[in-house]
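Peer 1: sequence first, predicted model second:
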Amino acid sequence: MTKRMFLTSRRWSGAAGAFLALLLSAVTLSVAHPAAAASVLAPVTVHPGEYTMRAGDFGKRGEAIRNIEASGSVSVRTSPEQILADGGHAGRPALCHNTNLDGSLKYDGFCWNQTDDTSSVWTPQGLTGSHDAQPGGTWNGHYLYIASWHYTNNDYARITIAESTGTSVTYQHVLLVDPYSTSSSSATFRAVGGAGDMPQTDVLSGHADGVTWYGNKLFVATGHQIQVYDLRHLWKMSDTGSASVGVESNGNSSAHYSNWALPMVGAYFTGSAGDPCNAIEPCLTSLSLDRSSTPDALVTTQIAEHGGGPLMRWPLNASTALPNTDTEDDTTGTVTASAVYSVPIWKVQGAATDGQYYYFSGECPETAGTTDSDVPYCIHRAAVGEAPHVLTHAPPLTQNLSYAPSSGRLWGLNERENTTTGKRVVFSLVPSA
C-alpha cells in the first residue's frame, strides 16, 4: 500500500513563533513560581512540513554489518536474553539507597553493582524494557531492562541489558558502535562518538541519553539525533583485552574491553551534532514509547533551564518498527511530529505517558534552580491543557522515565554520582495510587 506523502517544505514561521511565545510565557511565569502549577501543558500548533526528522544512511551501515558478520570476526547473538546466558555482572535486587519516593506508590527496584553505582566515567541516562518492546511485557519469557550510559568525554556510549527476577539481577554492558565498509567486501566499526574514519555524511553524537525498545529496534536519543540499533545483531568480541574498537588486522574484533558490541543500523536527525537546541531544530534528550493511541509513538523532550521546553510525539510504523517517514520503507525521507507541547517544568529530564497523563522527571518547585545535586528531584503529573502537579519526590537527578502498560508501573533511574557509596537506583512505582 502506498503511504500518505507528507509535505517536506519547512514553513517554520507560524509554529516556531507560537512555540517561542509559549516559551517566553512559560519562562516569565516560572521565574515568579518555579516549576509551579501556574502554567499548563500547552499544545503548540504544528503545520505540515514543520518539526521534522530526516532519515540518515541505513543502506551503507546495513552493507557493513553484513560484511562484518560474514567475515567471522564477530559471533552473533540474535536476541537480548542470549547474551545473559554467558553470565555477566551481578546487580543488587533491591533499592540500596534512599529514593525519596512516596511509600503509597508501592515502589520497588534494583541497584547496579558497586563499580557501576560509583563510576565517575560512565553515567546512566535512559531506561526502557521488555514492557516497551512487546505489549505483553516480556521478551521470550524474560523481564528485561535496557539502560543507556554516556562516557565522561562522550567518546563512547553503551547500553546495559539486565534481567531482574525479583531475587537476582544479572546484566551485561554492550558498547554502541558504528559500522562502515572499507571496501566492497570488508568492513569495520568504530565507537559511536569516538575519533576515527567516518565515511557517512552525518557526524554522530556519543552522548547517549534517552532509550526506547520497540520490537527488534532500539532507539537512542543523543541530542539532534535518534540513533537506531537492531537487537538481532548483538556481537560478541573475540578480543576483550584491547582498548581499540573495530576489526583488527589479524581479524579479531574488539570493543574497548567490552565483551559485546551493538552496531547502529541508521539514524534520524533534527539538526547537526553541536548545533544549539531551539524551536526550529529541537534537541531530543529524553525518549519513551506510547502505545496508548494509534499509531504508536516515540515521545521526546528537550531540557529547558526554566521550563517551556518542547515535548514532541513522533509516529511509528508498526510494520517496520521505525518512525513513519514519507517514504515506503522508513529508512529514507522525513518523519513529521504528530503533536508538540510546551512543558512548564524546570529541567525536564524524562517524560512518559499512560495515555491519560504525562509524567515528567524534573526539578521540584521548592528547589528549582538549586545547584545542590543531592536534593530530591520530583515526578510531576499533568494532562494536556492542565497544570502539572507533583506526584512524588524522587531520587536526586532522576533521568528518563518509561511506562509499562502491562503492569501499570512507571519506571525510572537516576544518574547522581557518588564515587564512595553510590546513589544510583533503578526504580518503579504505581502512579495511580
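Peer 2: Received, thanks.

Peer 1: all contacts plus neighbour counts: C-alpha atoms, from now on.
Peer 2: Will do.

Peer 1: what pLDDT does residue 272 get?
Peer 2: For residue 272, the pLDDT comes out at 80.

Peer 1: where's it relative to residue 376, distance?
Peer 2: 33 Å (C-alpha to C-alpha, to the nearest Å).

Peer 1: neighbour count winner among these two?
Peer 2: Comparing residue 272 with residue 376 by other C-alpha atoms under 10 Å, the one with more neighbours is residue 376, at 21 against 16.

Peer 1: thought residue 394 was touching the more buried one, still the case?
Peer 2: Yes - judged on C-alpha atoms under 8 Å, residue 376 makes contact with residue 394 at a distance of 5.6 Å.

Peer 1: between the two, which contacts overlap?
Peer 2: Residues touching both residue 376 and residue 394 (C-alpha atoms under 8 Å, 6 or more residues apart in numbering) are residue 100.

Peer 1: now do residue 77 against residue 223, distance only.
Peer 2: Distance from residue 77 to residue 223, by C-alpha to C-alpha: 29 Å.

Peer 1: look at these two and report which has more neighbours.
Peer 2: Neighbours per residue, other C-alpha under 10 Å: of residue 77 and residue 223, the larger number sits with residue 223, 30 against 16.

Peer 1: show me what contacts that one?
Peer 2: Contacts of residue 223 (C-alpha under 8 Å, 6+ apart): 205, 207, 209, 273, 283-285.

Peer 1: swap in 7 Å and give it another go.
Peer 2: By C-alpha atoms under 7 Å, 6 or more residues apart in numbering, residue 223 lies in contact with 283-285.

Peer 1: want to throw these into JSON lines with neighbour count and secondary structure?
Peer 2: As requested, the contacts of residue 223 are exported to JSON lines (neighbours: other C-alpha atoms under 10 Å; DSSP: H, G, I helix; E, B strand; the rest coil):
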{"residue": "283", "neighbour count": "28", "secondary structure": "coil"}
{"residue": "284", "neighbour count": "26", "secondary structure": "strand"}
{"residue": "285", "neighbour count": "28", "secondary structure": "coil"}
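
Peer 1: nearest to residue 228, of those residues?
Peer 2: Using C-alpha to C-alpha, residue 284 comes nearest to residue 228 of the contacts of residue 223, at 13.6 Å.

Peer 1: which strand residues bridge that closest one?
Peer 2: Note on residue 284: beta-bridge partners residue 223, judged by DSSP bridges.

Peer 1: kindly provide the distance from it to residue 108.
Peer 2: For residue 284 relative to residue 108 (C-alpha to C-alpha), the value is 28 Å.

Peer 1: then residue 125?
Peer 2: 19 Å.

Peer 1: give me the more crowded residue out of these two.
Peer 2: More crowded of residue 125 and residue 108, by other C-alpha under 10 Å: residue 125, with 28 against 20.

Peer 1: what's the nearest residue to the more buried one if we skip its chain neighbours?
Peer 2: residue 209 (5.1 Å; C-alpha to C-alpha, 6 or more residues apart in numbering).

Peer 1: please apply the same query to residue 256.
Peer 2: Once flanking residues are discounted, residue 256 sits nearest to residue 243: 4.1 Å by C-alpha to C-alpha, 6+ apart.
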